[in-house]
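Asks: Structure for this input, please:
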Amino acid sequence: MEIGGGSGPDDTGDLIFKNYKPVFLERGSVQDLGDNLKFRVFDEPELKFYPFAEWRIMGESPQEETQIHVCRDGTADYTTIQEAVDNAVEGDMIVVHPGIYIENINVDKELAIISRSGYPGDTVVQAASPNSHVFHVSSDRVKISGFSITGATQGIPNNAVAWIYLDGASKNTIQNNEIVNNEIGIILSDFSNENLLQRNTVQNSDTGILLEGGAYNTLIRNDASYNTAGIYIINSSLNQFFQNTISENSFGITLLNSDKNYLRENRISLNRNGIMLENSKRNSIYNNRFNNTNNVELEGNNNANFWNTSKASYANTLGGPYLGGNFWAKPDGNGFSQIYPVDENEDLISDLSYNIGEYNTDYFPLLLPYFNRSTSKAVGDEAEGPYIWNYSNCDLFFCDPDTGIYTENLSVNAVESRTIGEGKLVYKTQAGYVKYRYQEKDWKGETYPIIGFFGEPYIPLTDKYEIVRVNKLAKLLVDDAEKHTLRTGEILDLGDGYTLESRMVDAEKNKVWLIFLREGKYVADEIIDLSEGNENGGTWEVNLEDVEGEDGVLVLRVHINQILREEEGEEDMVQI
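Replies: Numbers count the residues shown, from 1 in each chain. As a prediction, the model looks like this:
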């Protein structure tokens, strides 16, 4: 923190917050000071926080930056990003219009380089030379946001290439980018410090994110999945990793010769190896979800790592009432938190410690929230024919928040002198069939099966009435008669992480390209033809294979009413 007053850094008397050295505060969480300025405070005995921005309060505002526009069709200031960088001055903002840009870019001055739409899917930067970095940043305070970047795939030995390479660069912001099919997604090298990486998706690369020799970097809400190595940390200390998703990699997170890093609220799942530590000490790793074939691998000397904090009355990553250690699961159900759920005081922290390895113990493993398993009794009389029992025992309904599988358990016992004859009792969940229609269209007689739990609709993963199974349900995504209008590139939130995007409309305005995603990841897409005589009539059905063992499962049905364009020059709109 600096306070100017005539002899300080600013003679106007400004109060300036800078992403500078650690500041010590009392325990807390994210502190919002207004005007988009936030501080993060950790709950460690030695408490530090780092500003995410630089801001001036009082005095004159800094001069606004110059905007330089880049567009491939020649209608803007420049046609390539590199031309704009070469002709910009410190502090300028380069706005890149949608299109595909094939180039390798060197950034050697303080600039903001952002996509105009803010949506990575329509602004693509592809390496012109696959053995060079797509973005090579050698300056401090550079911002890169809103791009889809690919093509850096052919590094030579001892000289790996990346989508973005921070070469001894600090205080940079890399956010909201999609990085796929590169040798390495992002490299922070040669003492690149105090950088912020947030909301980036890094997939299908040898290494998602590599930190080498850096400190005080913050990685928050990134998705590093489907790589050989998700996040690799070498000779780096005092970095923080918060709310990242690291899944379906060979190696989730690796720390090599790296001390005093902070890992909180990360979801590390479905990797072959969740986290590996080699000669790494005094790292703080708690309030994370682990669910991997092998959760922890320890090599060399890894003394005094902290796998839990002191038990504190604060919601943990599973929704439990206390902070403690980590949740330890395995895909086969044999994780520590799954097979040792001993919890006499019902605080959702295991009463048993988890010995991870020599000098590494989680003393407060987290447990999943569970429903009250008390018995609900119902007694019926013997009937001559089939008897429908509409009793719902919600106390025995259980949801696994990691897998999304919903199950219900029912125990049936004979009481007094009553008996249950062999083969005489059938317990079956009965689905009701509900009609639906398209907005402002006639009834079509179409139906789907529906089961209600807790006032919310679920559909069984088979539409065969006689074999509906309660332990295989999917939540109904869209169940309303609302009319939705989407502009090109706009995304409709379907709930529970599902979205539907209108990606593109053809020139004749009779076809639309829709993309169905879950948690931002591709599920399915289709070009829907609204022209007369087309067999689908503007309707798209998404059927998936191998959904909890079922094939041909209908998960989405959407109907396109029409494609709208009111006036020339306006964006196309799709009505569903």
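
Asks: neighbours of G333, just the number please.
Replies: For G333, the neighbour count with other C-beta atoms under 10 Å is 9. C-beta coordinates here come from the backbone N, C-alpha and C atoms, glycine included.

Asks: no wait, A315
Replies: Residues near A315, counting by other C-beta under 10 Å, number 11.

Asks: For stretch 302-315, measure first residue to last.
Replies: Taking C-alpha to C-alpha, to the nearest Å, stretch 302-315 runs 29 Å from one end to the other.

Asks: Would you mark the buried spots in it?
Replies: The neighbour-count check on stretch 302-315 (16 or more other C-beta atoms under 10 Å) flags 302, 305-309 as buried.

Asks: now stretch 263-272
Replies: Within stretch 263-272, the residues scored as buried using 16+ other C-beta under 10 Å are 263-271.

Asks: How about stretch 109-128?
Replies: So stretch 109-128, judged by 16+ other C-beta under 10 Å, has buried residues 109-116, 119-127.

Asks: Return the alpha-carbon coordinates of that stretch using PDB.
Replies: Output of stretch 109-128 as PDB, limited to C-alpha atoms (Å, rounded to 0.1, in the frame of the first residue of the first chain):
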ATOM      1  CA  LYS A 109       5.100  -4.100 -23.600                       C
ATOM      2  CA  GLU A 110       2.400  -3.500 -21.100                       C
ATOM      3  CA  LEU A 111      -0.900  -4.100 -23.000                       C
ATOM      4  CA  ALA A 112      -4.300  -5.600 -22.700                       C
ATOM      5  CA  ILE A 113      -5.200  -8.000 -25.500                       C
ATOM      6  CA  ILE A 114      -8.800  -9.100 -25.400                       C
ATOM      7  CA  SER A 115     -11.400 -10.600 -27.700                       C
ATOM      8  CA  ARG A 116     -14.200  -8.200 -28.700                       C
ATOM      9  CA  SER A 117     -16.900 -10.700 -27.900                       C
ATOM     10  CA  GLY A 118     -15.300 -12.000 -24.700                       C
ATOM     11  CA  TYR A 119     -16.200 -15.500 -25.900                       C
ATOM     12  CA  PRO A 120     -13.300 -17.800 -26.800                       C
ATOM     13  CA  GLY A 121     -15.200 -19.900 -29.300                       C
ATOM     14  CA  ASP A 122     -15.300 -17.200 -32.000                       C
ATOM     15  CA  THR A 123     -11.900 -15.700 -31.600                       C
ATOM     16  CA  VAL A 124      -9.200 -18.300 -32.400                       C
ATOM     17  CA  VAL A 125      -5.400 -17.800 -32.500                       C
ATOM     18  CA  GLN A 126      -3.600 -20.700 -34.100                       C
ATOM     19  CA  ALA A 127       0.200 -21.000 -34.200                       C
ATOM     20  CA  ALA A 128       1.700 -20.200 -37.600                       C
END
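
Asks: quick check: longest helix of the chain.
Replies: Longest helix in the chain by number of residues (criterion: DSSP state H): helix 81-87.

Asks: elements contacting it?
Replies: strand 67-70, strand 93-96, strand 105-107 (3 or more C-beta pairs under 8 Å, 6 or more residues apart in numbering; DSSP states H and E).

Asks: any idea which element S337 lies in?
Replies: For S337, the host element (DSSP states H and E) is helix 336-339.

Asks: what's in contact with that helix?
Replies: Contacts to helix 336-339, defined as C-beta atoms under 8 Å, 6 or more residues apart in numbering, come from residues 327-330, 333, 350, 354, 365-368.

Asks: Likewise for stretch 114-122?
Replies: Counting by C-beta under 8 Å, 6+ apart, 69, 93-99, 123, 143-148, 176-178, 201, 489, 501, 503 sit against stretch 114-122.

Asks: if we can go back for a sec, would you convert the helices and strands packed on helix 81-87 into JSON lines that also reports mean neighbour count?
Replies: As requested, the helices and strands packed on helix 81-87 are arranged in JSON lines below (neighbours: other C-beta atoms under 10 Å):
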{"stretch": "strand 67-70", "mean neighbour count": "18"}
{"stretch": "strand 93-96", "mean neighbour count": "22"}
{"stretch": "strand 105-107", "mean neighbour count": "22"}
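
Asks: a markdown table for those, including distance to T254?
Replies: As requested, the helices and strands packed on helix 81-87 are exported to a markdown table (distance: least, C-beta to C-beta, whole Å):
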| stretch | distance to T254 |
| --- | --- |
| strand 67-70 | 37 |
| strand 93-96 | 34 |
| strand 105-107 | 28 |
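
Asks: closest one to T485 among those strands?
Replies: T485 sits nearest to strand 93-96 of all these, at 26.8 Å, using C-beta to C-beta.

Asks: so how far is L348 from G538?
Replies: 48 Å (C-beta to C-beta, to the nearest Å).

Asks: Could you do G213 as well?
Replies: Going from G213 to L348 by C-beta to C-beta gives 39 Å.

Asks: More neighbours: which of those two?
Replies: Higher neighbour count among G213 and L348: L348, with 21 against 17, using other C-beta under 10 Å.

Asks: residue contacts, the closest residue to that one other than its chain neighbours?
Replies: With sequence-adjacent residues excluded and distances taken as C-beta to C-beta, 6 or more residues apart in numbering, L348 is closest to G320, at 3.6 Å. Shown in contact with G320 (C-beta under 8 Å, 6+ apart): 347-349, 366-367, 369.

Asks: Filter these down to the buried ones and hand me the PyMOL line.
Replies: Selection of buried members from these for PyMOL, criterion 16+ other C-beta under 10 Å:
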select buried, resi 347+348+349+366+367
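
Asks: Enumerate every residue touching A224.
Replies: A224 sits next to 185, 202-203, 208-209, 230-231, 244-246, 249 when contact means C-beta under 8 Å, 6+ apart.

Asks: That one: what secondary structure?
Replies: strand (DSSP: H, G, I helix; E, B strand; the rest coil).

Asks: Now the nearest residue to it once chain neighbours are set aside: which helix or strand?
Replies: Nearest non-adjacent residue to A224, counting by C-beta to C-beta, 6+ apart: G208, 3.5 Å away. If you go by DSSP H and E, G208 is part of strand 207-212.

Asks: any idea how far H133 is from the residue nearest to S129 when sequence neighbours are not counted?
Replies: Excluding the flanking residues, the one nearest S129 by C-beta to C-beta, 6+ apart is N104, at 5.4 Å. The gap separating N104 from H133 is 7 Å, by C-beta to C-beta.

Asks: ok, the two, which is more surrounded?
Replies: H133 (25 against 21).

Asks: Skipping its backbone neighbours, what lies nearest that one in space?
Replies: The nearest residue in space to H133 (C-beta to C-beta, 6+ apart) is Y165, at 4.1 Å.

Asks: For burial, what's the neighbour tally of that neighbour?
Replies: Y165 has 25 neighbouring residues, counting by other C-beta under 10 Å.

Asks: what's downstream of the helix or strand that contains it, the next helix or strand?
Replies: Here Y165 sits within strand 162-167, counting by DSSP H and E. Following strand 162-167 in sequence order, the next helix or strand is strand 173-175 (DSSP H and E).
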